[in-house]
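**Student:** Have a look at this prediction, sequence included:
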Amino acid sequence: MTAEYQINGAVAVITLNNPPVNGLGHATRSAIVDGMQKALADDAVKAIIITGAGTAFSGGADIKEFNSPKALAEPNLHTVINVVENSTKPVIAAIHTVCMGGGLELAMGCNYRVAVAGAQIALPEVKLGILPGAGGTQRLPRVLGLEMALNMIVSGNPVASEKLAGTALFNELIEGDLMQGALAFANKVADVRPLPKVRDIKIDYPNYEAFLQFSRNTVKAMSGPFPAPLKCVEAVAAAITKKFDDGIQFERSLFIELVQTTESKALRHAFFGERAASKLPDVPEDTPTRPIKSVAVIGGGTMGGGIAMNFANAGIPVKILEMKQEALDKGLATIRKNYENTLKKGKLTQQKFEQRVGLITGTLSYDDIAQADIVVEAVFEDMGVKETVFKKLDEVMKQGAILASNTSTLDVDKIAAFTKRPQDVIGTHFFSPANVMKLLEIVRGAKTGKDVLATTLALSKKIKKTGVVSGVCDGFIGNRMIEQYSRQAGFLLEQGCLPEQVDKAIEKFGFAMGPFRMGDLAGNDIGWYIRKRRYVEKPEVTYSKTADLLCEMGRYGQKTGAGWYDYKPGDRKAYPSQVVNDMIVKHSADLGIERRKISDQEIVERLVFALVNEAAYILEEGIATRASDIDMVYLTGYGFPLFRGGPMFYADTVGLPNVILAMNKYAKGPHGDAWKAAPLLAKLAAEGKTFN
Ligand code: 3H9
């Protein structure tokens, strides 16, 4: 049953019941129309209430139905809203918790709307790369005015119902029980005629042309590669420039256009990918979790400090452990300064500032952290150092505490084996800056307990991270893939590119930052350190030596004032470096390589398909649970362009056979062994299938 029908005196109540968010899928839409027909046919019914069961009035159209016949199947949302709007008896929407997208459009098709405080009101379609397609762009400006409606539609952000009290959106804000209030309201208006309709409201905005032009300019400048925001402006413009029914038609045509775009598909993929990532097939949703009321962080450096801030931001007290008072003081001072900067920017209230700073304390003694519910180690990336720390943690931490390592490459099983409680050990790989980046790679050891996994996944939500689970392997999902990308970037330098060309090509593709600017930001010495280990452990893997030569010149990046690029004091802008470019050209000559002109297309294909091929191994080996998890890692941790949906989604849109064709071409060049297709990729391509 996707909607229930009940009679309460002279009022029929249609209650949407399609968990989790009363999405307006085909069955629910049909049930609303059925309910309406029943109510209209019943002479005893004088008014009709539409509301939602559970924790939503309605989250809008069922996104899972998009691009499927069900989305268009009658009754479609337009039909439902027409039935409601043409009702001969008053229809009242009784709104609570969530009223979004098609849900709000349905509510605006009703004659009246009542709501309780605290409901989230939004037309968030733009965040899915579309626009409100069931009258939202035509009706919201009529109830909220042009400016406010445009802001809500273009941003997609929710507004609390109480903030909209006094507008034509709500006829009454109900205090106390919603249904009681709604019934009282329904009885009050049962005989009032004519029935008010939002479509009949006139929008009063004398100088609307100037406002719309200003909006177009602003939105165009801010929407980057996404077409939806500007189309939202056009649709809202139609609310004032066209007759209502023509505006609806116009909105509909833009909706149909947008829903088919790759950008919208990519955004919807990310929406579901984010939610899927928190689910593991062998860890049921009802797996018990451990309470996390206190946190300890080992190491007060940049990483440890950033990690601590996440927990403080979520209201959880954190103790930072350092070895020396000086380091501890420095770490705490940096955290304070970070919060002060946020305060100065007006993004934090004084009260929240004090609360957060107050939640982070320091200690030099392991005894002080023994009672923490979870301890996150963020010390130097070296197995010997990790061994010392984890043996000590095993000794001091209370039973049941989760022992987490922030390692970015090391074997979590080995780390777990330093303790007598491997079931409590897990990897929590934060990304720098840890208080900003959304990604949290959760590394599942062979013996990690399911309750520990469930707890860590829940915790990642609490601290507003996208938690993605990875199995144990060198580099986990993200860094294992980036290694192949970096190798290609290095080979490109040897073969004819300069850093600026590579960075520009991949940034034009949409990456936030190219590999060389990124190296300069993160520190080139980190990769150097890892490669030195690889030269011993995996001598068969080839690398370009340019990055080593760069480090030998002491050019570690921004922190040394010089890296792949030159930097000026106090200026983070990267200036092409003659010294480095000469070094690169000379290195090619030393290797006897004749440098050639390399196209941007080749650069992008080599970097991105190197990611894709490694990802296919990762998926096949079960290191990642699903392709969308890999996409989430790259979208939230590595600056992969959102409008392309992540490396796997992108490969699907290019077509896997085309990916293989390009790889075969590069396999004929130098370092061709890097292009051996992963069996899964080859198989899916041969079968005409996709990753996602
Ligand atoms: C639209 O309305 C188009 C119309 O204008 C025109 C049509 C012609 N559909 O986020 P959560 C699932 S477009 C299907 O973790 P929360 C979600 O996948 C729509 N499923 O919970 C998850 O499933 P699972 C415009 C949906 O409490 C579960 O619900 N509306 C939908 O943190 C829980 O989600 C939007 O864009 C949906 N519409 O947040 C609203 N919504 O458990 C998008 C959610 O299997 N939704 N699910 O993983 C949201 O912003 C949040 O989900 C919401 C709840 C605030 C509602």
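**Tutor:** Right, received. Where do you want to start? Numbering: from 1, shown residues only.
**Student:** Kindly provide the distance from Pro90 to Gln6.
**Tutor:** Distance of Pro90 to Gln6, given as C-beta to C-beta, to the nearest Å: 17 Å. C-beta coordinates here come from the backbone N, C-alpha and C atoms, glycine included.
**Student:** Looking at these two, which is more packed in?
**Tutor:** Each of Pro90 and Gln6 has its neighbours counted (other C-beta atoms under 10 Å); Pro90 has more, 23 against 11.
**Student:** Contacts only, for that one.
**Tutor:** Lys46, Ala47, Ile48, Asn111, Tyr112, Ala186, Val189, Ala190, Val192, Leu195 (C-beta atoms under 8 Å, 6 or more residues apart in numbering).
**Student:** change it to 7 Å
**Tutor:** Pro90 is in contact with Ala47, Asn111, Tyr112, Val189, Ala190, Val192, Leu195, counting by C-beta atoms under 7 Å, 6 or more residues apart in numbering.
**Student:** isn't the fourth one right up against Tyr112?
**Tutor:** Okay, so that is Val189. Yes: taking C-beta atoms under 7 Å as the definition, Val189 is a contact partner of Tyr112 at 6.2 Å.
**Student:** the more surrounded of those two?
**Tutor:** Tyr112 (23 against 17).
**Student:** what comes up buried for stretch 156-166?
**Tutor:** Gly156, Pro158, Val159, Ser161, Leu164 (16 or more other C-beta atoms under 10 Å).
**Student:** Distance from the chain centre to stretch 197-212, please.
**Tutor:** Relative to its parent chain, stretch 197-212 has a centroid offset of 35 Å by C-alpha atoms, centre = their mean, to the nearest Å.
**Student:** Use 56 as the first number from now on
**Tutor:** Got it, first residue is 56 now, which makes that one stretch 252-267.
**Student:** Quick one: end-to-end length of that stretch, please.
**Tutor:** Using C-alpha to C-alpha, to the nearest Å, the end-to-end distance of stretch 252-267 comes to 25 Å.
**Student:** The residue of the stretch 556-705 of the chain found nearest the ligand sits in which helix or strand?
**Tutor:** Nearest residue of the stretch 556-705 of the chain to the ligand, counting by C-beta to the nearest ligand atom: Ser683, 11.7 Å away. Following DSSP states H and E, one finds Ser683 within helix 682-692.
**Student:** what's the burial count for the residue of the stretch 506-655 of the chain found nearest the ligand?
**Tutor:** Proximity of the stretch 506-655 of the chain to the ligand (C-beta to the nearest ligand atom) peaks at Lys516, 8.6 Å away. By other C-beta under 10 Å, 13 other residues sit near Lys516.
**Student:** Could you do the one 5 residues further on as well?
**Tutor:** Applying other C-beta under 10 Å, we find 23 other residues in the vicinity of Thr521.
**Student:** Could you tell me the model confidence score at Glu306?
**Tutor:** pLDDT, Glu306: 98.
**Student:** Distance of it relative to Pro696?
**Tutor:** Taking C-beta to C-beta, one finds Glu306 at 28 Å from Pro696.
**Student:** Of those two, which one has the most company?
**Tutor:** Glu306 (26 against 20).
**Student:** how about the more buried one, phi and psi?
**Tutor:** Torsion angles at Glu306 (phi, psi; degrees, to the nearest 10) stand at phi -60, psi -40.
**Student:** How confident was the prediction at the closest residue to the ligand within the stretch 206-355 of the chain?
**Tutor:** Of all residues in the stretch 206-355 of the chain, Arg330 sits closest to the ligand, at 3.7 Å by C-beta to the nearest ligand atom. Looking at Arg330, its pLDDT stands at 95.
**Student:** burial measure for it, as a count.
**Tutor:** Neighbours around Arg330, by other C-beta under 10 Å: 12.
**Student:** how about it, what does it touch?
**Tutor:** With C-beta under 7 Å, 6+ apart, Arg330 has no contacts at all.
**Student:** now the host helix or strand of it, how far from the centre of its chain.
**Tutor:** If you go by DSSP H and E, Arg330 is part of helix 317-331. Centre-to-centre, helix 317-331 and its host chain are 9 Å apart (C-alpha atoms, centre = their mean).
**Student:** And for stretch 656-669?
**Tutor:** With C-alpha atoms, centre = their mean, you get 23 Å for stretch 656-669.
**Student:** Could you give the number of residues near the spatially closest residue to Gly236 that is not a sequence neighbour?
**Tutor:** In this structure, Gly236 finds its nearest non-sequential neighbour in Ile229, 3.3 Å apart by C-beta to C-beta, 6 or more residues apart in numbering. Neighbour count of Ile229, defined by other C-beta under 10 Å: 21.
**Student:** And Ile229, what's its pLDDT?
**Tutor:** 97.
**Student:** now it: how far from Ala241?
**Tutor:** According to C-beta to C-beta, Ile229 stands 12 Å off from Ala241.
**Student:** The ligand contacts on the protein?
**Tutor:** 75-76, 78, 114-119, 132, 153, 155-157, 160, 179-180, 183, 187-189, 191, 327, 330 (C-beta under 6 Å from any ligand atom).
**Student:** Buried subset of those residues, written for PyMOL?
**Tutor:** To isolate the buried ones among the residues of the chain next to the ligand in PyMOL, judged by 16+ other C-beta under 10 Å, type:
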select buried, resi 76+78+114+115+116+117+118+132+153+155+156+157+160+179+180+183+187+188+189+191
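**Student:** nearest residue to whatever residue of the chain ends up closest to the ligand other than its sequence neighbours?
**Tutor:** Using C-beta to the nearest ligand atom, the closest approach of the chain to the ligand is made by Gly156 at 2.5 Å. Using C-beta to C-beta, 6+ apart and skipping residues adjacent in sequence, the residue nearest Gly156 is Gly115, 2.4 Å away.
**Student:** Surely that neighbour is within a strand?
**Tutor:** No: secondary structure of Gly115 (DSSP: H, G, I helix; E, B strand; the rest coil): coil, not part of a strand.
**Student:** Who are the contact partners of it?
**Tutor:** Gly78, Leu79, Met155, Gly156, Gly157, Gly158 are the contacts of Gly115 under C-beta under 7 Å, 6+ apart.
**Student:** same thing with Asp655?
**Tutor:** Contacts of Asp655 by C-beta under 7 Å, 6+ apart are Ala560, Lys563.
**Student:** go on, Val314?
**Tutor:** Val314 neighbours (C-beta under 7 Å, 6+ apart): Phe121, Asn122, Ile185.
**Student:** rerun that using 8 Å as the cut-off
**Tutor:** Phe121, Asn122, Ile185, Gly188.
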